[in-house]
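Novice: how would this look folded up:
(2 chains)
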Amino acid sequence: MIVPYSHVLLLAGILFAMGVVCAVARRNLIMMLIGVEIMLNSAGLVFVAAALRWQQLEGQVFVLFIFAIAAAEVSLGLALIVYAYRRTGSLDPETYNILKW
Amino acid sequence: MTLYAAIFYVLAGVILVSTGLAITRRNLVHAVVYLIISFFGSALLYYLFGAPLLAALEIIIYAGAIMVLFLFIIMMLRVDPSALRSPSLKEWLPAGALGLIYLAVALLVVSTDPASQTPLMTGLVRPRVFGQFLFQKYWLSVEIISFLLLIVLIGALYLGKAYARGAGDRTEDKP
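Specialist: Predicted coordinates for the structure are as follows:
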């Protein structure tokens, strides 16, 4: 035996909270994407532990899809960030207020 | 406490500390390097939970490809070091209070649920078994995901080209 399942849930929950703080409280578009990465990673951790807990392989299959989603999200997000940076010259989300009037 | 439990707690501590350092660094390159350490810890946890193929993929995709992509973009753009947003207490009090309530409830639920107290037994899924399972039962999902990746590729290419096309009238666009 390794540890109770609840300890894994707690670890993943704390990691997810860290990701949320990083995505919300940082003044930088790249750090917001990094926060999303941390959240996806913690979700994958829960899936793998659940696959072991219930002895079902579906959990691990889901983690594979999470990897693909994360890769897609990061590549498109970074392309958007580069585009926006070239247009405005800044990575601060507070400066993206052209729609506001 | 068994050896596996000790390994889990050590890895959990390393992951939490390195992630906490990553989200508070001012320098983005340092943040990404700390995050790579955190993802290595996650990969070892995957291995501990009996998923060696996913552990390898975590290192290849997360710690390798995604983080190197971040490093490329950080070095390509001129990024000023940025601190944590200085919060005004009035803005953050509701969010913080609601978050604390959620945390307390989650702790309560997890600690009182008898199903979550069952210890995890060690197990191992060989990559061959995993691959056969994946491509026999979930081949359609794999195709859909690959289609999604193709769409993302086209989208990223379009965003790159869209800037090159609109480069001439960029100055007029600026407010």
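Novice: any low-confidence regions in chain A?
Specialist: Within chain A, the segments meeting pLDDT under 70 span A:1, A:100-101.
Novice: Can you dump the C-alpha atoms of stretch B:102-110 in PDB for me?
Specialist: The C-alpha trace of stretch B:102-110 is given here as PDB (Å, rounded to 0.1, in the frame of the first residue of the first chain):
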ATOM      1  CA  TYR B 102     -14.400  25.900  -0.100                       C
ATOM      2  CA  LEU B 103     -11.100  24.700   1.400                       C
ATOM      3  CA  ALA B 104     -12.700  23.900   4.800                       C
ATOM      4  CA  VAL B 105     -15.600  22.100   3.200                       C
ATOM      5  CA  ALA B 106     -13.200  20.100   0.900                       C
ATOM      6  CA  LEU B 107     -11.100  19.100   3.900                       C
ATOM      7  CA  LEU B 108     -14.200  18.000   5.800                       C
ATOM      8  CA  VAL B 109     -15.600  16.000   2.900                       C
ATOM      9  CA  VAL B 110     -12.300  14.300   2.100                       C
END
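Novice: Does chain A have contacts with it?
Specialist: Yes - on the criterion CB under 8 Å from any CB of the partner chain, stretch B:102-110 is in touch with chain A at B:103, B:106-107, B:110. Yep, even glycine has a C-beta here, placed from its N, CA and C like the rest.
Novice: Those residues, buried ones only, as a PyMOL selection?
Specialist: One line in PyMOL is enough to select the buried ones among the residues of stretch B:102-110 next to chain A; burial here means 16 or more other CB atoms under 10 Å in any protein chain shown:
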select buried, chain B and resi 110
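Novice: So for the residues of stretch B:102-110 next to chain A, which is the shakiest by pLDDT?
Specialist: Ranked by pLDDT, the residues of stretch B:102-110 next to chain A bottom out at B:V110, which scores 80.
Novice: Wait, it touches B:A104, no?
Specialist: No - if you go by CB atoms under 8 Å, B:V110 and B:A104 don't touch, sitting 11.0 Å apart.
Novice: Average pLDDT for the longest helix belonging to chain B, rounded please.
Specialist: In chain B, assigned by DSSP state H, the helix with the most residues is helix B:139-165. Averaging pLDDT along helix B:139-165 gives 88.
Novice: how about the helices in chain B?
Specialist: Under DSSP H, chain B gives helices at B:3-24, B:28-48, B:52-57, B:67-76, B:89-112, B:127-137, B:139-165, B:170-173.
Novice: Let me fix that, I meant to ask about chain A.
Specialist: Under DSSP H, chain A gives helices at A:5-25, A:29-53, A:58-88.
Novice: Tell me which of these is the most buried.
Specialist: Mean neighbour count (mean count of other CB atoms under 10 Å in any protein chain shown) peaks for helix A:29-53 among the helices of chain A, with a mean of 22.
Novice: now for it, which elements pack on it?
Specialist: Counting contacts by 3 or more CB pairs under 8 Å, 6 or more residues apart in numbering or on different chains; DSSP states H and E, helix A:29-53 is packed against helix A:5-25, helix A:58-88, helix B:3-24, helix B:28-48, helix B:67-76.
Novice: okay if I get the ones you listed as a markdown table plus distance to B:I59?
Specialist: Listed next are the helices and strands packed on helix A:29-53 as a markdown table, based on distance: least, CB to CB, whole Å:
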| stretch | distance to B:I59 |
| --- | --- |
| helix A:5-25 | 18 |
| helix A:58-88 | 11 |
| helix B:3-24 | 14 |
| helix B:28-48 | 5 |
| helix B:67-76 | 10 |
